[in-house]
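got a predicted model here, sequence first, then my questions.
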Amino acid sequence: MLRVAIPNKGTLAEPAAQMLREAGYRQRRDPKDLVCADDANDVEFFYLRPRDIATYVGSGDLDLGITGRDLLVDSGAPAEEVVDLAFGGATFRFAARPGTLTSAKELGGHRIATAYPGAVRRYLDEHGLTADVIRLDGAVENAVRLGVADVVADVVSTGATLRQAGLEIIGEPLLVSSAVLVRRADAPEHPQAAQLLRRLHGVLVARRYVMLAYDVPAGLLDRASSLTPGIESPTVSPLHREGWVAVQAMVQRDDVHRIMDALYELGARAILVTNIHACRL
Ligand SMILES: Nc1ncnc2c1ncn2[C@@H]1O[C@H](COP(=O)(O)OP(=O)(O)OP(=O)(O)O)[C@@H](O)[C@H]1O
Ligand SMILES: O=P(O)(O)OC[C@H]1O[C@H](OP(=O)(O)OP(=O)(O)O)[C@H](O)[C@@H]1O
Ligand SMILES: [Mg+2]
């Protein structure tokens, strides 16, 4: 049975469970459950702290896990990112009171409070900087106010927490994070793991793309197809109406209105968009 770690709480927990549900896996009903067996798919899910997931996967005790890229880096565990799951996006940044530092190059000699000491030390080493890293559990923005540190390194999403604490961002993000699927660096092939990966890819594609269908005069087919090339190639079917064809192609959801306008102007009609529920490409 494939053993998969997923977050039990926090920002990543519900979207991870939702993505697995969309991929056809059974998920726990009670948020207190720590294990959920999906016998039909031969997979067992373990609900763990996202911070611990790379450790379990890196040790080989669990086969796969969903966690944040920043938490994976911070753990230093021998686990690797298999696929970016495109949710739980955030940046990981340095911040300080205005006037403390003008750039990350000046971090040397400062006291940096963070709940991600592994990620911060890696950054400092890579940039040849020596600073005092103070490990805290959370609410690290308070460390500056309380005089424990002069810089924080933390997850920034909207930036509201930093603003409220009177801190400003220093330099570029150390990391751009999102939820990722991780496995042990030298993991052996596992048929259920390959299947889970294929299913997650299917969910990612189903979320990113929609199906576009339209009718167009056959003489305009080449120009219409160049607007909707699809992933392989558009499907073209004859219409009862002489000289017209029906076309179907996948297009990126973000692009669909621009493409529909262009198709309409070209002369296409009956332009319809439908969601893709699931897919295997
Ligand atoms: N707004 C956010 N706040 C915190 N973490 C976020 C946010 N958006 C995305 N994440 C990601 O979620 C992961 C942290 O999850 P974790 O459960 O440890 O913290 P949390 O969601 O803040 O929950 P907690 O209530 O335990 O602090 C990291 O990978 C982080 O990049
Ligand atoms: O940029 P924002 O949208 O404000 O979000 C980022 C903040 O949210 C998280 O804190 P959380 O509320 O989880 O508290 P914690 O520090 O105790 O984890 C994170 O640690 C930042 O402090
Ligand atoms: Mg938090």
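Cool, the structure landed. Residues are numbered from 1 along each chain as shown. Ligands and ions are numbered 1, 2, ... in the order given.

would you map out the domains in this protein?
By the assignment in automatic domain parsing, the chain contains the domains 2-87+178-188, 90-177, 209-275.

quick one, which of those is packed in tightest?
domain 2-87+178-188 (a mean of 19; mean count of other C-beta atoms under 10 Å). Any C-beta I mention is one placed from the backbone N, CA and C, and that applies to glycine too.

residues in the stretch 1-150 of the chain within reach of ligand 1, list them.
With C-beta under 6 Å from any ligand atom as the criterion, the stretch 1-150 of the chain comes near ligand 1 at residues 9-12, 50-51, 68, 70-71, 88, 90, 138.

just these: which are in helices?
Those of these mapping onto helices are 50-51, 70-71, per DSSP state H.

got those as JSON lines, with distance to ligand 2 columns?
Listed next are these as JSON lines, based on distance: C-beta to the nearest ligand atom, whole Å:
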{"residue": "50", "distance to ligand 2": "11"}
{"residue": "51", "distance to ligand 2": "11"}
{"residue": "70", "distance to ligand 2": "10"}
{"residue": "71", "distance to ligand 2": "12"}
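
which member of those residues is positioned nearest residue 267?
Nearest to residue 267, judged by C-beta to C-beta, of these is residue 70 at 49.3 Å.

who's the nearest residue to the closest one once chain neighbours are set aside bridged to?
Nearest residue to residue 70 in three dimensions, chain neighbours excluded: residue 177, at 4.0 Å (C-beta to C-beta, 6 or more residues apart in numbering). Beta bridges link residue 177 to residue 90, judged by DSSP bridges.

mind checking how far residue 177 is from residue 80?
Residue 177 sits at a distance of 15 Å from residue 80 (criterion: C-beta to C-beta, to the nearest Å).

ok, now residue 42?
23 Å.

cool, residue 122 as well?
Taken as C-beta to C-beta, the span from residue 122 to residue 80 is 15 Å.

OK, contacts around residue 142?
By C-beta atoms under 8 Å, 6 or more residues apart in numbering, the residues touching residue 142 are residue 165.

would you mind listing where the stretch 101-250 of the chain has pLDDT under the threshold?
Of all residues in the stretch 101-250 of the chain, none has pLDDT under 70.

near ligand 2, which residues of it are found?
So far as C-beta under 6 Å from any ligand atom goes, the stretch 101-250 of the chain lies against ligand 2 at 138-139, 154-161.

so which of those are in strands?
Among those, DSSP state E puts 154-156 in strands.

ok, for the closest residue to ligand 2 within the stretch 101-250 of the chain, nearest residue in space, not its chain neighbours?
Residue of the stretch 101-250 of the chain nearest ligand 2, by C-beta to the nearest ligand atom: residue 138 (2.6 Å). Excluding the flanking residues, the one nearest residue 138 by C-beta to C-beta, 6+ apart is residue 115, at 5.6 Å.
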